[in-house]
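Asker: Sharing a sequence plus its predicted fold:
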Amino acid sequence: MQITTLRRNDAPPDLAALAAEYEQAYGVRFGSLTVLPAGYLQSLHTIRRETLPPSFRVASDGNGAIAKIVDALTAVANLDLLTVPMRLAYRDALEQIYRSIGIETARERFADALWVAPEREGRILAERLGCLSAAHTMTPIAKRMPYRGGVAVGLDGVQGSRRFSDCMIVDGAIASGATLIALIEHLKERVDRFWIYAAHSTVASLHGLAAYAALGGIDLSVDLGHASGVLNARFYAVIDGVPDRVVVGDLGDTIAGL
C-alpha cells in the first residue's frame, strides 16, 4: 500500500467529484489530493512497539494534572448545549496543555522554522499562543474525505519551495493522523525535521505516526498532552467501551465561534 499525492487537476473522475463536493461545502479549491489507500491507516495503527520513540513525548506521563484537564475537556465535549463561558474555559484549558508541552519555548527556539497550523483549531490556537508571528507560516485547509475504503486528504494553502531545517506543525487533537501524514508527504522534500504539537491523541494513532515515520525514514518528533481512548469507524477518539462518548471532541466546532 502506497500513499499517492496528486495535483488537483490530475485526480481521477471519482476523486475529482468527491473533492468538488468538499470544495463547494467549504468554499475552497484544493491544490493537491493525498490518497491513503484502503487499510493503510489501520495497518499503521496496529504496528506497536513496546515503547514509543524517545522523540515522542506525552506530557501526562509525568504530569497527572494534564490527564485531568483532558477529562474536563471531555466532559464539555459531551454536553448537548455549550454556553460561551464553557467554550472559553475549554479553550483556556487547551492553551494550558500547549504551554505544558513547551510550545512557547519552541516558538522562541525555532523562530526561523516553518510553522504550519491547519484550519481551524490549529490556526486558532497557534495564533493565540503567538506561534504565527514567526517569519514563515502556513495556515492550510486540510480536509479528510472517505475514498474507496481509505482516506483522501485535500490540501489548500500549502505552497512555496524554500528549504527548512525544521517544520513545526500545531494540530488540535490527532484523530487518525491522516491530515498530518498528508502535510508531511507534501513538505518532506524540503524539510529535514518535523515537530508536531497536539493536545490529545489515541494511543493507536500515536503509534501509527511513529510507524509512518520509521517506514518512511522521516525525522519526526511529537509533543502531546495526553493519549487515551480508541478510534471509532469515523476516526473520532471515543472512550473505550463507550462508543457514543467522545474524548475531547471537535476542537474546531467548540472554539471557532469565539
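Answerer: Good, I have the coordinates.

Asker: Give me the local confidence score for residue 135.
Answerer: Per-residue pLDDT puts residue 135 at 74.

Asker: how many other residues sit next to the closest residue to it other than its chain neighbours?
Answerer: Once its chain neighbours are removed from consideration, residue 135 has its nearest residue in residue 112; the separation is 6.4 Å (C-beta to C-beta, 6 or more residues apart in numbering). Every residue, glycine included, has its C-beta placed from N, CA and C. Neighbouring residues of residue 112 were enumerated by other C-beta atoms under 10 Å; the total is 11.

Asker: Wait, a strand at residue 112?
Answerer: No: with DSSP: H, G, I helix; E, B strand; the rest coil as the criterion, residue 112 is located in coil rather than a strand.

Asker: and the gap between it and residue 126?
Answerer: Counting by C-beta to C-beta, to the nearest Å, the separation of residue 112 from residue 126 is 16 Å.

Asker: how about low-confidence regions in the stretch 151-258 of the chain?
Answerer: Along the stretch 151-258 of the chain, the model assigns pLDDT under 70 to no residue.

Asker: Check what contacts stretch 32-46 and list those residues.
Answerer: Stretch 32-46 is contacted from outside by 1-8, 11, 15, 19, 147-155, 158, 176-178, 181-182, 185-186, 204-205, 207-209, 211-212, 231, 235, using C-beta atoms under 8 Å, 6 or more residues apart in numbering.

Asker: Secondary structure element holding residue 184?
Answerer: Take DSSP states H and E as the rule and residue 184 turns out to sit in helix 178-187.

Asker: same for the helix or strand following that helix, what does it pack against?
Answerer: Proceeding C-terminally, helix 178-187 gives way to strand 191-201 as the next helix or strand, assigned by DSSP H and E. Packing contacts for strand 191-201, counted by 3 or more C-beta pairs under 8 Å, 6 or more residues apart in numbering; DSSP states H and E, involve helix 64-77, helix 84-100, helix 103-109, strand 164-170, strand 173-174, helix 178-187, strand 219-227.

Asker: And strand 191-201, what's buried?
Answerer: Of all the residues in strand 191-201, those buried under the rule 16 or more other C-beta atoms under 10 Å are 191, 193, 194, 195, 196, 197, 198, 199, 200, 201.

Asker: Just the pLDDT at residue 2, thanks.
Answerer: As summarised for this prediction, residue 2 has a pLDDT of 89.

Asker: Which of the buried residues of strand 191-201 sits closest to residue 48?
Answerer: residue 201 (14.3 Å; C-beta to C-beta).
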